[in-house]
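[1] need the 3D shape of this:
(chains A, B, C and D)
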Protein chains: 2
Amino acid sequence: MLAEVRKGSAEVLILNAIEGRERHGYDIARFIEVQSGGAIEFHSATLYPTLHRLEKKGLIVGRWVEKAGERRRRFYKITPDGRATLREQRKSWRVFVDALTRAARIRQI
Amino acid sequence: MLAEVRKGSAEVLILNAIEGRERHGYDIARFIEVQSGGAIEFHSATLYPTLHRLEKKGLIVGRWVEKAGERRRRFYKITPDGRATLREQRKSWRVFVDALTRAARIRQI
DNA sequence: TGTTATATGTAAAGAGGTGATATATAAGGA
DNA sequence: TCCTTATATATCACCTCTTTACATATAACA
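    Got it, this is the predicted structure:
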């Protein structure tokens, strides 16, 4: 994440990353880094526990894919519950971001 | 705060609230609530420890004001270090908010 | 007399992130 | 051939911030 970490954003970023198609963990982290223009970087210590937590909650499902001569990867796809949660989290972030922007003059109008 | 708390935003909100003039804790919380249109609400358990932390770091300074027939209040004003930190935190939040908005499609373009 | 607003505070618990460390394979350059 | 880098997953101890709940006290109002 940024130098000073912003908390609670890992879930919405991961859910968004697999909204369109399934991805494995490492790919999710790269995807987020690219989409954010390099501003958001996932540490493996954030990434994997968050994936496990999301799976435990039933928001994503993973499956191991092992091919000969390749490392094993765990691909995750979003569940219907995951999609509903993604919608809620986006809205929740939108409200918060707008409120913070106003209440802390983030853009110094 | 929102139903699901967004972490790490208390400091920038408090510093912003006393950027223009000194305020006491309870007033800071009310100010933030009003400025955010009611979206951000401070609990006393977030507010007071954060004020103590900011004072310990030298970003704000407090003084007790006691008037006859009134409750005691502690008024805080921002220090030069506090102003510098406020500038940095605003920038940091701006970068993060923009990155998150893009990387998690917060506004669902 | 009871409730609400004002005003400050702490303790225990939980959530979420970080730095460090670990393991293992494949690809590419010296 | 050896070393480094990228790929790929994972855990542990620690830290920071926030919440729920509790505590205290005064003033205003019904």
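[2] hey, let's count contacts and neighbours off CA atoms from now on
    Noted.
[3] centroid residue for chain A?
    Nearest to the mean C-alpha position of chain A, by Cα atoms, centre = their mean, lies residue A:14 at 1.8 Å.
[4] which ones are touching the nearest residue to residue A:60 once chain neighbours are set aside?
    Leaving out its chain neighbours, the residue that sits closest to residue A:60 by Cα to Cα, 6 or more residues apart in numbering or on different chains is residue A:78, at 4.4 Å. By Cα atoms under 8 Å, 6 or more residues apart in numbering or on different chains, the contact set of residue A:78 is A:15, A:18-19, A:22, A:59-61.
[5] in CSV, list those along with pLDDT and secondary structure.
    Listed next are the contacts of residue A:78 as CSV, based on pLDDT from 0 to 100; DSSP: H, G, I helix; E, B strand; the rest coil:
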residue, pLDDT, secondary structure
A:15, 97, helix
A:18, 98, coil
A:19, 97, coil
A:22, 97, coil
A:59, 97, coil
A:60, 97, strand
A:61, 97, strand
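[6] what is the nearest of the residues you listed to residue A:95?
    residue A:15 (18.4 Å; Cα to Cα).
[7] now check stretch A:49-63, is it near DNA strand D?
    Yes: contact of stretch A:49-63 with DNA strand D (Cα under 7 Å from any atom of the strand) involves residue A:49.
[8] quick check: buried residues in that stretch?
    Residues A:51, A:54-55, A:59-62 are the ones in stretch A:49-63 that count as buried (16 or more other Cα atoms under 10 Å in any protein chain shown).
[9] identify all contacting residues around it.
    Under the contact criterion Cα under 8 Å, 6+ apart, stretch A:49-63 has outside partners A:10-11, A:15, A:25, A:74-83, A:85.
[10] show me what the helix or strand containing residue A:75 pairs with in its sheet, parallel or antiparallel.
    Using DSSP states H and E, residue A:75 sits within strand A:73-78. In the sheet, strand A:73-78 lines up against strand A:23-24 (antiparallel), strand A:60-65 (antiparallel) (DSSP bridges).
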